[in-house]
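Engineer: here's my sequence, what's the structure:
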Amino acid sequence: MIADGYDLQGIGFAAPGIVKMLHIDRSALGPVFSASLVGMLFGAPLFGWIGDRFGRRPALLWGAAIFGVVSLLTAFAQDLPQLLVLRFVCGIGLGGVPANSVALVAEYAPKRMRATMIVMAQIGLTFGSMLPAVASGLMEGAHGWRPLFIVGGIAPLLIGVAGFFLLPESLKFMVVKKRAISKIWRVASALDPRLQANSGSTFVVPGTQLGGAQRFHIKQLFGDGLMWITPILWLLYMTFLSANYFLHGWMPILFRDDGLTITQTAVAAAMFDVGGILGALVSSRLVDKYGVATVVVLYVVACPAVAVIGLIGHSLFLLGASIFVAGFCLVGITLSMGAVAGVIYPTEVRANGIGWCYGVGRFASILSPVIGGWLIGMKLPISQLFLVPVVPMLIGAAACFTLLQLCLRRFDGISLNRKAEPMSEPVLEAT
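Structural biologist: Okay, here's the model as predicted:
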């Protein structure tokens, strides 16, 4: 997740160097920023299907391998078309990691703190998003923009090798898909050594139809009380991903054009993810306790927090403070919604459900960097440019309040830990 966040946001900090090397207008980079999002539009549902069909583990490892190799190739790109193609393919790999990571953690986490552990895992994305700012401040001045992608390529490949030897498959997934009993026992015995004494036991999943051959169909995301929840989740992913990618993509270059140095830009932009980590830590426990109501509050606070970024001027302290609050809310929303989706969707379609949320959300967020490039080309002042991401956030606030009402009925209360109606989360039992 750290490597995924780094490679997704690294292009924003490489952008000033790329503009200088290619002698192009900054607005021409809008399609490059969107290329990885287009790739993720296809990659998230594709790897969601792979995760639900073949396993969370292979989906994660293949996703990391793809974006690791392509990031290394990006370091040697020579023109805009090469960057477009490479960022698109990189996005396909990047799209495979979040949905399957959330699914894997959700299927191992204790129910009472499942949302917390999903958010904690996703903090890797936020932490990774901070690292390009650090790498840019340390390396770009002396070595240019290319080392940013070399680091972004080597890291996921090394992590993937470690994951190949150390990462277990989801126990729930193996039971639901009727995998070899020896593999199931190997993982289950590591979790609970007492099972070693009863090696003749078999696993059942109450309330869940077993059958590895059952194929996924998108209509499963709309059945069993999800008819309205799924489209609202899709809309919410559109809103917060659009705002996130606009800010991450354009903040570095806008601040540089506004007169900030490389170091000042790196510090200011990094405050978004510093606030995001704190927002994730706070929201993780609140989501377990108060469910979607937590996300509604974050949406409401995020709107003015984002709007004032363009009004601060050159005061690094005030600029960092406003970006910190915006990051607290926006990253808190992003990771909290991953936890919400991870709890709402059952094991059989969890990776597909989350993958489709990310995929559809990125369909709208693709337009965010392009619109930003178009508005920048119109020479709009920075104060007006930072009003752009406020529009989807206002829509998201209204949609999230609607989702809260639906979840109150589905989970018989404000907490997502209560039993969902009519579908209940399967529980593993040894019999």
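
Engineer: quick check: pLDDT value at the most centrally placed residue in the chain.
Structural biologist: Nearest to the mean C-alpha position of the chain, by C-alpha atoms, centre = their mean, lies residue 98 at 5.2 Å. Listed pLDDT for residue 98 reads 87.

Engineer: wasn't it part of a helix?
Structural biologist: Yes: counting by DSSP: H, G, I helix; E, B strand; the rest coil, residue 98 is found in a helix.

Engineer: ok, now how distant is it from residue 59?
Structural biologist: Separation of residue 98 from residue 59 (C-beta to C-beta, to the nearest Å): 11 Å. Placement of C-beta: from N, CA and C, glycine included.

Engineer: pLDDT on the helix or strand harbouring residue 326, on average?
Structural biologist: Assigned by DSSP states H and E, residue 326 belongs to helix 316-344. For helix 316-344, mean pLDDT rounds to 87.

Engineer: helix, strand or coil for residue 224?
Structural biologist: coil.

Engineer: what about it, how many neighbours?
Structural biologist: Per other C-beta atoms under 10 Å, the neighbour tally for residue 224 reads 15.

Engineer: can you report phi and psi for it?
Structural biologist: phi 50, psi 50 (degrees, to the nearest 10).

Engineer: look at it and report its pLDDT.
Structural biologist: On the pLDDT scale, residue 224 gets 75.

Engineer: how near is it to residue 375?
Structural biologist: From residue 224 across to residue 375, the span is 42 Å (C-beta to C-beta).

Engineer: give me the neighbour count for residue 317.
Structural biologist: 9.

Engineer: so who does it touch?
Structural biologist: By C-beta atoms under 8 Å, 6 or more residues apart in numbering, residue 317 lies in contact with nothing.

Engineer: quick check: it vs residue 228, distance?
Structural biologist: From residue 317 over to residue 228 the distance is 44 Å, taken as C-beta to C-beta.

Engineer: residue boundaries of the helices in the stretch 251-400 of the chain?
Structural biologist: For the stretch 251-400 of the chain, the helices defined by DSSP state H, counting those that start in this stretch occupy 262-290, 292-307, 316-344, 350-365, 367-377, 382-385, 390-410.

Engineer: buried residues, the shortest one. List them.
Structural biologist: Residues of helix 382-385 classed as buried: 382, 385 (neighbour count, 16 or more other C-beta atoms under 10 Å).

Engineer: try the fifth one
Structural biologist: With burial defined by 16+ other C-beta under 10 Å, the residues of helix 367-377 counted as buried are 367, 368, 369, 371, 372, 373, 375, 376.

Engineer: what sits against residue 45?
Structural biologist: By C-beta under 8 Å, 6+ apart, the residues touching residue 45 are 95, 352, 355, 356, 359.

Engineer: scratch that, residue 128 is what I was asking about
Structural biologist: Residues in contact with residue 128 (C-beta under 8 Å, 6+ apart) are 1, 2, 3, 4, 5, 6, 7, 8, 9.

Engineer: equivalent analysis for residue 300, please.
Structural biologist: Taking C-beta under 8 Å, 6+ apart, one finds residue 397 in contact with residue 300.

Engineer: who touches stretch 60-74?
Structural biologist: Outside stretch 60-74, the residues that reach it (C-beta under 8 Å, 6+ apart) are 3-4, 7, 10, 43, 47, 50-51, 83, 86-87, 89-97, 100-101, 104, 149-150, 152-157, 159-160, 163-164, 167.

Engineer: give the closest residue to residue 94 in space, chain neighbours not counted.
Structural biologist: residue 67 (5.0 Å; C-beta to C-beta, 6 or more residues apart in numbering).

Engineer: picking up where we left off before, filter the contacts of stretch 60-74 down to the buried ones and hand me the PyMOL line.
Structural biologist: In PyMOL, this line selects whichever of those come out buried by 16+ other C-beta under 10 Å:
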select buried, resi 3+4+7+10+43+47+50+51+83+86+87+89+90+91+92+93+94+95+96+97+100+101+104+149+150+152+153+155+156+157+159+160
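
Engineer: just the contacts of stretch 60-74: which are in helices?
Structural biologist: 3-4, 7, 10, 43, 47, 50-51, 83, 86-87, 89-94, 96-97, 100-101, 104, 149-150, 152-157, 159-160, 163-164 (DSSP state H).

Engineer: what lies in contact with stretch 248-261?
Structural biologist: Stretch 248-261 is contacted from outside by 8-9, 11-13, 15-16, 19, 26, 29, 33, 129, 133, 136, 262, 264-266, 268-269, 272, 314, 316, 323, 368-369, 372, 376, 382, 385, using C-beta under 8 Å, 6+ apart.

Engineer: tell me how far that stretch is from the chain's mean position?
Structural biologist: Relative to its chain's centre, stretch 248-261 lies at 23 Å (C-alpha atoms, centre = their mean, to the nearest Å).

Engineer: check which residues of it are buried.
Structural biologist: Buried residues in stretch 248-261 (16+ other C-beta under 10 Å): 248, 249, 250, 251, 252, 253, 254, 255, 256, 260.

Engineer: could I get the residues you listed as JSON lines with distance to residue 396 and pLDDT?
Structural biologist: JSON lines is the format used below for these (distance: C-beta to C-beta, whole Å; pLDDT from 0 to 100):
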{"residue": "248", "distance to residue 396": "17", "pLDDT": "73"}
{"residue": "249", "distance to residue 396": "18", "pLDDT": "69"}
{"residue": "250", "distance to residue 396": "19", "pLDDT": "75"}
{"residue": "251", "distance to residue 396": "20", "pLDDT": "79"}
{"residue": "252", "distance to residue 396": "24", "pLDDT": "74"}
{"residue": "253", "distance to residue 396": "25", "pLDDT": "74"}
{"residue": "254", "distance to residue 396": "23", "pLDDT": "78"}
{"residue": "255", "distance to residue 396": "25", "pLDDT": "79"}
{"residue": "256", "distance to residue 396": "29", "pLDDT": "75"}
{"residue": "260", "distance to residue 396": "29", "pLDDT": "77"}
